[in-house]
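Enquirer: here is a sequence with its predicted model. Questions after.
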Amino acid sequence: MKHTLRHGAYPIQELAGILFAYLGPPDRQPLLPRWDILAWKNGTRKLQIRNVLACNWLQAEENTADFIHTFFLHGWTTIKQKEAYDVGFFTRPFARYGFQPCPWGIVKTWEYEGQDAGSGWGNLVLFPTMLRQTDVMSTLHWRVPIDDEHTTIFQLSFDPTPDGSEIAQVDLPWEYESSWRGADGDYHLKTFSSQDGMAWETQGAIWDRTKEHLGYSDRGIAMLRQMLLQQVDLVEEGGDPMALVFDETANQCINLEGWSSPRATTLGSRSIDVAGVVRQPKEEIFDDRYEIVEVPYGTARPRSGDRAVPKEGS
C-alpha cells in the first residue's frame, strides 16, 4: 500500500534560507515573491523568531498602519524606562503623516518639525500580513497566523556591505527573541517588541471592531480595512487578490526599497542605503488617493516645536 497511498501535502520552496509553503488551490498558485530583501546579494541577512503572539494576526498588522503609536507607545514608554539608547527619534514633534495605496499595499509618509525637522516616505504595509521597514535599516516582518487567536512573527533584517560588494552568505543565522515578560509575569516594556506585544495582546484574542470608534488619526487603519474587504470581495467573485506575482520576468528582485525615500537618520546603528536601489520618483507614487493627517497642536505637537517629554506620573 505504501506505493499507492499518499498523504496530502503543500508545495514548499526555499529562498534565502527560509522555507515557504503555498496553501492555496494548485491551479491558482502564483510565483513565490522574490522580495528585494530575499534576493539581494550585497549584504548579509539574519532572522529573528518572535514570541508567539496570543491574538489574531490583524491586530499586529493594523498597528503597522497606526503611525502615531510610535510617539505615544514607543517614545514615551522608553523614556520612562530610562533605557540607555537615544529615543529622541521617536519623540520628535509630529506635523503630519499620510497614507497612499500602492500595488503592494500602503505607503506611509511622515513629517516632523522642530530642531530635528524632516520628512520621508516608505515603511510599506505590505498586503496582507507583512511590514517592510526602510527608515533605519531594511527589514521584513511576516505576521504568520497559527490559528484565529495566535500568531508568529518572523523578522528578517538585511545589513548591506558599505561598498556594495557581494557576499556569498551560505547559512542564515537565526535566533529566538527574548521574553516580553519579566520575573513577575507582566510585560517588562523594555523593548519595542514587548511594548507592541502588550498593546496587541491586551486587546484580547480577537478585538471586537464593532464596538470601536475610529478617529481622524486612524486613517491608515481605515484604509487597510477597506483594502482587505475589497480583496475579500474580489476573491469571492473568483478573482486574484492584489500583491501576487505571476510574471517570471518581474520576479527577479521585487524592489520594495525603491518605494521609500533615502535614509537620512540613524538610531543607535549605522544607516546605509543598499547599493543599486532605484527609487520611485515621488510624483509617480502619490496621486489623488493620498490621504494626509494634520496633527493638531497638543502633546505630540507642541506649539514651540520643541521635543515633547512626558511629565512625571503621566
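Expert: Arrived safely. Numbers count the residues shown, from 1 in each chain.

Enquirer: in the sheet, who's paired with the most centrally placed residue in the chain?
Expert: By Cα atoms, centre = their mean, the chain has its centre lying nearest to Leu131, at 2.3 Å. Note on Leu131: beta-bridge partners Val125, His141, judged by DSSP bridges.

Enquirer: buried residues, the longest helix seen in the chain. List them.
Expert: Longest helix of the chain, by residue count under DSSP state H: helix 219-236. Residues of helix 219-236 classed as buried by neighbour count (16 or more other Cβ atoms under 10 Å): 219-221, 223-225, 227-228, 231. Any C-beta I mention is one placed from the backbone N, CA and C, and that applies to glycine too.

Enquirer: I'd like the distance between Ile272 and Lys282.
Expert: 22 Å (Cβ to Cβ, to the nearest Å).

Enquirer: and those two? which has more neighbours close in?
Expert: Ile272 (16 against 10; other Cβ atoms under 10 Å).

Enquirer: what's near enough to touch the residue nearest to that one when sequence neighbours are not counted?
Expert: Nearest residue to Ile272, sequence neighbours excluded (Cβ to Cβ, 6 or more residues apart in numbering): Pro160, at 5.4 Å. When contacts are counted by Cβ atoms under 8 Å, 6 or more residues apart in numbering, Pro160 touches 40, 42-43, 138, 272-275.

Enquirer: which of the residues you listed ranks first by neighbour count?
Expert: Compared across the contacts of Pro160, Ser138 has the highest neighbour count, 26 neighbours, by other Cβ under 10 Å.

Enquirer: now do the SS call for the residue lying closest to that one once chain neighbours are set aside.
Expert: Leaving aside its chain neighbours, Ser138 sits nearest to Phe158 (4.3 Å; criterion: Cβ to Cβ, 6+ apart). Following DSSP: H, G, I helix; E, B strand; the rest coil, the label given to Phe158 is strand.

Enquirer: what are the ranges of the strands in the protein?
Expert: Secondary structure of the chain, counting by DSSP state E: strands at 12-15, 18-21, 43-49, 94-102, 105-112, 118-126, 130-133, 138-147, 150-160, 174-176, 291-294.

Enquirer: would you turn those into JSON lines with distance to Glu237?
Expert: As requested, those are arranged in JSON lines below (distance: least, Cβ to Cβ, whole Å):
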{"stretch": "strand 12-15", "distance to Glu237": "28"}
{"stretch": "strand 18-21", "distance to Glu237": "26"}
{"stretch": "strand 43-49", "distance to Glu237": "36"}
{"stretch": "strand 94-102", "distance to Glu237": "20"}
{"stretch": "strand 105-112", "distance to Glu237": "21"}
{"stretch": "strand 118-126", "distance to Glu237": "23"}
{"stretch": "strand 130-133", "distance to Glu237": "24"}
{"stretch": "strand 138-147", "distance to Glu237": "23"}
{"stretch": "strand 150-160", "distance to Glu237": "28"}
{"stretch": "strand 174-176", "distance to Glu237": "40"}
{"stretch": "strand 291-294", "distance to Glu237": "26"}
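
Enquirer: which of the ones you listed sits closest to Trp76?
Expert: For these, the distance to Trp76 is smallest for strand 94-102, at 13.0 Å, taking Cβ to Cβ.

Enquirer: check what contacts that closest one and list those residues.
Expert: Residues from elsewhere that reach strand 94-102 (Cβ under 8 Å, 6+ apart): 65, 67-68, 71, 106-113, 117, 121, 124, 219-220, 223, 227, 259, 285-287, 289-295, 300-301.

Enquirer: what angle separates that strand from strand 118-126?
Expert: Counting by axes from the mean of the first three to the mean of the last three Cα atoms, to 10 degrees, strand 94-102 lies at 40 degrees to strand 118-126.

Enquirer: can you show me the CA trace of strand 94-102 as CSV?
Expert: The C-alpha trace of strand 94-102 is given here as CSV (Å, rounded to 0.1, in the frame of the first residue of the first chain):
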residue,chain,number,x,y,z
PHE,A,94,4.7,65.4,14.5
ALA,A,95,3.5,67.8,12.0
ARG,A,96,1.6,65.5,9.6
TYR,A,97,1.6,62.0,8.2
GLY,A,98,-0.2,60.2,5.4
PHE,A,99,-1.1,57.1,3.6
GLN,A,100,-1.1,56.2,-0.1
PRO,A,101,-2.3,52.9,-1.7
CYS,A,102,0.2,51.2,-4.0
